[in-house]
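*Asks:* quick check, what structure comes out for this input:
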Amino acid sequence: YSPSCSGDDDDEVTQMNKPSASSRSKSGSTSATESSASDNLLKRTIIHCDVDAFYCQCESLADKKKDPSKRLGLESRPFAVGQAHIIVTCNYMARSFGIKKLMSKEAALRILPSLIIVDGSDLTLYRRQSRRIYLCFREALSKHRLNQDQDIDEDKVLAVKACKGEMDEMFADLTCHVSKLLPKDNDERTSSLVDESVCFVYGSQGSDISVSEDQSGATSRISLHCGARNVSDGVPGCSYNDVSDWGDEVDRMACAKRLHGATLICQHIKQEIKTKTGFNVCIGISISPMLAKIASDLQKPNSLNLLYPWRSRELVHAMPLRRIPGLGSRTYKKLLVCLRTSNAGKTSNRSDEAWTCR
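*Replies:* Residues are numbered from 1 along each chain as shown. Reported below is the predicted structural model:
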C-alpha cells in the first residue's frame, strides 16, 4: 500500500492500490500485515475528479459559442444527450423531472415533451474536451503551492502520480505532494478543521446522504449523526464506534491533517479547471481510489467532498450494490443469482435493485 511519487501518464488506477515489495517481504503474520497495511493506508491521500454531467456540459459550452440565431439555450433548459434510441445522460434540470440515463427517448419525451435531445453519436467533441480537462488537471497539480505570494521552491515541485479513469474522471495520488507542501506541524492553517463553506465533510455535524444508482434508480439513505457514540475518531466534533481498525487517535489526527491539506490543493484544481476550460467538477478526497470516488459523489454538482476512512463503513454498507465502483453488469447479474439462491425464502419480496453492499 506504499504510495508512489512517479508522474507517469500511463499509470493505472490499480497501481495506486498495489502493495510495495518491502511490505510484501516483511509480512511475517496476518495480523502484523493487516496492521501495517492499515497504518500505511492512513498515510495516503488520493483524490478523484469527476466532471459534472460531462456530455451535457460539452454540449452546453459548444452551444454558447454558436451564432446567436442558432443557439438552443441549453444552459437554461432541460436537455439530454442521446445515442440511437436511448438517453445517454441529461442535465440536472432534466433529472429533476424524472429523466434518467439509459431511458428510451420515447419514454423521456412522454415524461417531458419539451425535453431537448441532442445527438451525441459523434464522440469527437467529448474526447477533445476530456483531453483538455485532463491536461489542465495535471498542470494544476504540478504548479500548485500553498503560498501563492512566494516563489516556487524547486525542492517542493513534484511529479504527481495521476491517471484517467473514464472519459469524465481522473485520479491523483497526492501522498508525496501533500507531505512536501504542507507547513510544519505547528502551523494552524492545516491543523484546524476544514472550512465547510467550501468543502463537505461526511459525518461533520451529522450527515444525511442519499446514494443513488443512475440506471436502476435504486436509492439508499444513510444517516450518520455526531456525538451519539462513545469512541473518539480523532477529529473534533464527532465520535464513532468501529474506529479501532484505523490506528489510534494520533494516527487519525495525522491522517485528517493530510486530507485537510489536500482540500487546499483541490480548491486550486477546481478553480483552474473552471477558469481554463469552463467545466464544473466534483472532487473527492480520501485514502484510496475507491473511497475518493465515492466521496466525489456525496454532494453534486460542483463540489469538494472529504471522506475520512473510519467513517466510510456505514456509507459503503448501505450503498446500492450497483454503486460499487468497477462492478460491471455481467458480474452484477452473477451476484444476483447467488444472492437469490442463498436468500431463498428469506427475502421473497426484495427487488433486484434493493440489494445493498451489506
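
*Asks:* mind listing the helices for the protein?
*Replies:* Along the chain, counting by DSSP state H, helices occupy 21-25, 30-42, 54-64, 92-95, 105-111, 124-143, 175-181, 188-191, 249-277, 289-296, 313-318, 329-342.

*Asks:* the third one - contacts with which helices or strands?
*Replies:* This means helix 54-64. Counting contacts by 3 or more CB pairs under 8 Å, 6 or more residues apart in numbering; DSSP states H and E, helix 54-64 is packed against strand 79-83, strand 86-90, helix 124-143. The way it works is simple: take the backbone N, C-alpha and C, and place the C-beta from them, glycine included.

*Asks:* report the buried residues of the longest one.
*Replies:* Going back to what we said before, that points to helix 124-143. Within helix 124-143, the residues that count as buried by 16 or more other CB atoms under 10 Å are 126, 129-130, 133-134, 136-138, 140-141.

*Asks:* among those residues, which one sits closest to residue 248?
*Replies:* Ranked by distance to residue 248 (CB to CB), these are led by residue 141 at 31.4 Å.

*Asks:* what's the burial count for the closest residue to the closest one other than its chain neighbours?
*Replies:* Among residues not flanking residue 141 along the chain, residue 160 sits closest, at 4.5 Å (CB to CB, 6 or more residues apart in numbering). Look at residue 160: counted by other CB atoms under 10 Å, it has 22 neighbours.

*Asks:* so who does residue 160 touch?
*Replies:* 5, 7, 138, 141-142, 172-174, 176-177 (CB atoms under 8 Å, 6 or more residues apart in numbering).

*Asks:* now the buried members of these.
*Replies:* 7, 138, 141, 172-174, 176-177.

*Asks:* need the max-distance pair from these.
*Replies:* 138 and 176, at 15.3 Å, using CB to CB across the buried ones among the contacts of residue 160.

*Asks:* may I have stretch 114-131 as PDB, with CA atoms only?
*Replies:* What follows is stretch 114-131, C-alpha atoms only, in PDB (Å, rounded to 0.1, in the frame of the first residue of the first chain):
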ATOM      1  CA  SER A 114     -40.400  19.900 -24.100                       C
ATOM      2  CA  LEU A 115     -37.100  17.900 -23.500                       C
ATOM      3  CA  ILE A 116     -34.400  18.800 -26.000                       C
ATOM      4  CA  ILE A 117     -32.500  15.800 -27.100                       C
ATOM      5  CA  VAL A 118     -29.000  16.500 -28.600                       C
ATOM      6  CA  ASP A 119     -27.400  13.800 -30.800                       C
ATOM      7  CA  GLY A 120     -24.300  12.500 -29.100                       C
ATOM      8  CA  SER A 121     -23.300   9.800 -31.600                       C
ATOM      9  CA  ASP A 122     -20.100  11.700 -32.600                       C
ATOM     10  CA  LEU A 123     -17.700  11.400 -29.700                       C
ATOM     11  CA  THR A 124     -15.100  13.800 -31.200                       C
ATOM     12  CA  LEU A 125     -16.100  16.800 -29.100                       C
ATOM     13  CA  TYR A 126     -16.200  14.800 -25.900                       C
ATOM     14  CA  ARG A 127     -12.800  13.200 -26.500                       C
ATOM     15  CA  ARG A 128     -11.300  16.600 -27.200                       C
ATOM     16  CA  GLN A 129     -12.800  18.200 -24.100                       C
ATOM     17  CA  SER A 130     -11.800  15.200 -22.000                       C
ATOM     18  CA  ARG A 131      -8.200  15.700 -23.000                       C
END
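
*Asks:* still on that earlier bit, where's the dip in pLDDT among the buried ones among the contacts of residue 160?
*Replies:* Ranked by pLDDT, the buried ones among the contacts of residue 160 bottom out at residue 7, which has 46.
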